[in-house]
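K.L.:
give the three-dimensional model of this entry:
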Amino acid sequence: MIEQIFKITMGNDRLVEKVIQDENVHYIHMVFNQDEGLPEHFSNSTVYMTVLRGKLSIGLDDQEVCHYDTGTVLKIPFNIKMNVKNLDAEVLELIVVKAPAPTK
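P.N.:
This next block holds a predicted model:
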């Protein structure tokens, strides 16, 4: 078999699932319920964030929190302060791709 196969977990429970982490890319699947999210942190690579379900509430650097609906793809540069949350009742599901893969 030439290809590698990876599976993501389906469901509504809080999840941060590192699906692929190699020297090329980090591919992360995330699920957050209302008032859940990530600790505030700085991006360690260029981050591509796809909203699969729900509405993403994200604060970047010192900007006001912005809200992004299902189907939105964000590109966030390296070394940007990020505050990722689900402030809505609907489950938030994201795919996060870090490319190139972080070296630290």
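
K.L.:
close enough to count as contact, residue 56 and residue 92?
P.N.:
Yes: under the criterion of Cβ atoms under 8 Å, residue 56 makes contact with residue 92 at 6.0 Å. Yep, even glycine has a C-beta here, placed from its N, CA and C like the rest.

K.L.:
more neighbours: which of the two?
P.N.:
Taking other Cβ atoms under 10 Å, residue 56 and residue 92 do not tie; residue 56 has more neighbours (28 against 25).

K.L.:
how about the nearest residue to the more buried one, chain neighbours excluded?
P.N.:
Spatial nearest neighbour of residue 56, chain neighbours left out: residue 68 (4.5 Å); criterion: Cβ to Cβ, 6 or more residues apart in numbering.

K.L.:
packing partners of the helix or strand hosting that neighbour?
P.N.:
Element membership of residue 68, judged by DSSP states H and E, is strand 66-69. With contacts defined as 3 or more Cβ pairs under 8 Å, 6 or more residues apart in numbering; DSSP states H and E, the packing partners of strand 66-69 are strand 55-60.

K.L.:
the strand it packs on pairs with which strands?
P.N.:
Strand pairing for strand 55-60, using DSSP bridges, gives strand 66-69 (antiparallel), strand 81-85 (antiparallel).
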